[in-house]
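> With the sequence up front, the predicted model follows.
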Amino acid sequence: MGRDVFYITTPIYYPNDVPHIGHAYTSVAADFIARYHRLRGEEVFHLTGVDEHGLKLQRAAEAAGMDPQAWVDSVDPEWREVWARLDIAYDDYIRTTEPRHHAAVAKLLGAVRGNGRDDIYLGTYEGLYCVSCEAYYVEDDLVDGNCPIHDRPVELMREENYFFRLSAYAGRLLEHYEANPHAVQPDTRRNEVLSLIRGGLQDFSISRTSFDWGIPLPWDPTHVCYVWFDALTNYLTAAGYADDPERFGRIWPANVHLMAKEIVRFHAVYWPAMLMAAGLEPPGQVWVHGYLLVGGEKMSKTKLTGIHPSQLTDHFGADSYRYYFMREISFGQDGSFSWESMTERHNADLANGLGNLASRVLAMLGSYFEGRVPEPVIDGAGADLPVVVADVVRRYDEHMLALRLQQALAALWEIVARANRYLVEKEPWKVAKDGARRGELASVLYASAETLRILAILIRPIMPGAAERLWGQLGLEPPLASQRVPEAVAWGGLTPGTKTAKGDALFPRLES
Ligand code: MSP
């Protein structure tokens, strides 16, 4: 696993596609995980970006009547805009057309070619190529003669290519996966990868001569590097492989490569073998989530089923969006989106659940204590709230580290549910009517406000905007970003006297 830094990546996306909620699913998950590790006080490196070379991109540029570089430059802002709207706090954004990436690809190719085992050699390839996948298929892979992923015709290609001797790495890959049972997760994906390797590996071509939009091979510039060899290398580039050995030593290997299942073969077979061939360590983990489906099929532009994230963020807001996809779908399984279920989650968990809790507590602090957090005078007035909080904090941590993102959020909302029930049980609005019970009122509202403080810290990785607003309404002084688990979520951190202010509702109710 990564040396000193928690290094997490998304795939780099093909920018010829219009960004859709399928792409955003990976990035939201990566951001949730990355922000959680930051909350634990770890140094984090969250990488994303775009995959700009290859035949598919060259053709898209031609169709637009543009030079490929000008064309990728023109679509890039569209992608960054999506991540900005979703509050994705990546640490680096890579474009494979950048000089730093060219340098890293050249260095990796040199390292593999120079390893003394003749792992790169010249051969001829004839095969059926899917331009959308940028990959060759054999007849058996095809479904009704079409690409099994894109359901589109493949093209017969014949080329003189350089090959990578993948076949020599089956044994080492198996050893690696046996020694590291979590290196591909979930287990179903791990088993698929193992059977793929056991089924025998064929060398794959790492160069193309049929088009020129790519990185020329340093020793034979009549060839450009195959787009997957080029793309995978982005994970090394951004870690400083070609230009910053000190940093590279601290960051590499990546802890987690996140992706959907269609590209597992590249990440869990090709990629670790390429790294081994270059004398580098394979990534700590390849984590494979499911597809977002529309009408039972993978959402995609080719099938015209893409929904742009802004269609949803404009209506629900970024926090609700992030929460919904992580809470609704089991991370690792396929799932579908619907307006109805998103509205339902928003109203139940956010508007009525957390939002209502915050507005009730802040309103009562306003009415009964001029907005100031009162002194808790009765021991144990918080009932089991401190125990529930401590228990959830522990389970939330376990779930997040194991990437059980859905369970992590379900656990957090146990606090919300318990705190709302606590108010119903204690009925502070009735206690307030009896002057003799002032101490009890103070103690109940202290416990409720303290729960909100802790929630603001814990929800920040998934709902950074709402967390900030809640923190602000609670009138808390130190920046929310400086709070760390577990210290900051120990019970009793809220200082009596703090001046709160009920603001706008955290989550307005939405009509279905
Ligand atoms: N450029 C390659 C990846 C190179 S990584 C070295 C690529 N790009 S892609 O844009 O086609 O898809 C990248 C990723 O987007 C998928 O692996 C997945 O993480 C995400 N998704 C795209 N469509 C998706 C769904 N419908 N559902 C879930 N995730 C989806 O492949």
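Structure received.
> Helices along the stretch 401-512 of the chain, start to end?
For the stretch 401-512 of the chain, applying DSSP state H, counting those that start in this stretch gives helices covering 405-426, 428-431, 438-459, 464-473.
> Please, which helix or strand holds the residue in the chain that the ligand sits nearest to?
Nearest residue of the chain to the ligand: Gly22, at 2.6 Å (C-beta to the nearest ligand atom). Bear in mind the C-beta positions are built from the backbone N, C-alpha and C, glycine included. Following DSSP states H and E, one finds Gly22 within helix 21-39.
> Ser310 now?
Secondary structure from DSSP H and E places Ser310 in helix 309-316.
> Show me what that helix is packed up against.
Applying 3 or more C-beta pairs under 8 Å, 6 or more residues apart in numbering; DSSP states H and E, we find helix 309-316 packed against helix 21-39, helix 68-85, helix 318-328.
> Next, see if that helix gets close to the ligand.
No. Shown here: helix 309-316 not in contact with the ligand (C-beta under 6 Å from any ligand atom), separated by at least 12.0 Å.
> who touches that helix?
Helix 309-316 has contacts (C-beta atoms under 8 Å, 6 or more residues apart in numbering) with Pro19, His20, Ile21, Ala24, Val82, Arg85, Leu86, Tyr321, Tyr324, Met342, His346, Leu510.
> want to throw these into TSV with pLDDT, distance to Ala273 and neighbour count?
Converted to TSV, the contacts of helix 309-316 look like this (pLDDT from 0 to 100; distance: C-beta to C-beta, whole Å; neighbours: other C-beta atoms under 10 Å):
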residue	pLDDT	distance to Ala273	neighbour count
Pro19	95	31	23
His20	95	31	20
Ile21	95	33	23
Ala24	98	30	28
Val82	98	33	22
Arg85	98	38	16
Leu86	98	34	22
Tyr321	98	37	25
Tyr324	98	38	22
Met342	96	41	21
His346	98	45	26
Leu510	96	49	17
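> Looking at those, which is nearest Leu409?
Checking the contacts of helix 309-316 against Leu409 with C-beta to C-beta, the nearest one is Tyr324 at 10.0 Å.
> out of everything not next to it in sequence, what's closest to Asp118?
Nearest non-adjacent residue to Asp118, counting by C-beta to C-beta, 6 or more residues apart in numbering: Arg165, 7.1 Å away.
> Was I right to think that neighbour contacts Tyr121?
Yes. Under the criterion of C-beta atoms under 8 Å, Arg165 lies in contact with Tyr121, with a separation of 7.0 Å.
> who has more neighbours, these two?
Taking neighbours as other C-beta atoms under 10 Å, Arg165 and Tyr121 compare with Arg165 leading, 17 against 12.
> Show the pLDDT at the more buried one.
Note on Arg165: pLDDT of 98.
> Identify the residues contacting it.
Arg165 touches Arg117, Asp118, Asp119, Ile120, Tyr121, Asp203, Ala277, counting by C-beta under 8 Å, 6+ apart.
> what does the stretch 151-300 of the chain have sitting close to the ligand?
Ala231, Leu232, Asn234, Met259, Ala260, Ile263, Tyr291, Leu292, Lys298, Met299.
> Dump those residues to JSON lines, plus neighbour count and secondary structure.
Below are these laid out as JSON lines (neighbours: other C-beta atoms under 10 Å; DSSP: H, G, I helix; E, B strand; the rest coil):
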{"residue": "Ala231", "neighbour count": "27", "secondary structure": "helix"}
{"residue": "Leu232", "neighbour count": "23", "secondary structure": "helix"}
{"residue": "Asn234", "neighbour count": "26", "secondary structure": "helix"}
{"residue": "Met259", "neighbour count": "20", "secondary structure": "strand"}
{"residue": "Ala260", "neighbour count": "18", "secondary structure": "strand"}
{"residue": "Ile263", "neighbour count": "21", "secondary structure": "helix"}
{"residue": "Tyr291", "neighbour count": "19", "secondary structure": "coil"}
{"residue": "Leu292", "neighbour count": "25", "secondary structure": "strand"}
{"residue": "Lys298", "neighbour count": "19", "secondary structure": "strand"}
{"residue": "Met299", "neighbour count": "21", "secondary structure": "coil"}
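> low pLDDT regions in this structure?
Residue ranges of the chain with pLDDT under 70: 1-3, 301-304.
> quick revisit: the residue of the chain closest to the ligand reaches Thr305, doesn't it?
No. In this structure, Gly22 is not within contact of Thr305 by C-beta under 8 Å, at 9.0 Å.
> Between these two, tell me which one has more neighbours.
When neighbours are counted by other C-beta under 10 Å, Gly22 comes out ahead of the other of Gly22 and Thr305, with 23 against 16.
> How much space separates that one from Asn146?
20 Å (C-beta to C-beta, to the nearest Å).
> Run through the neighbouring helices and strands of the helix or strand containing Asn191.
Using DSSP H and E, Asn191 sits within helix 187-198. Using 3+ C-beta pairs under 8 Å, 6+ apart as the contact test, the elements touching helix 187-198 are helix 170-179, helix 264-265.
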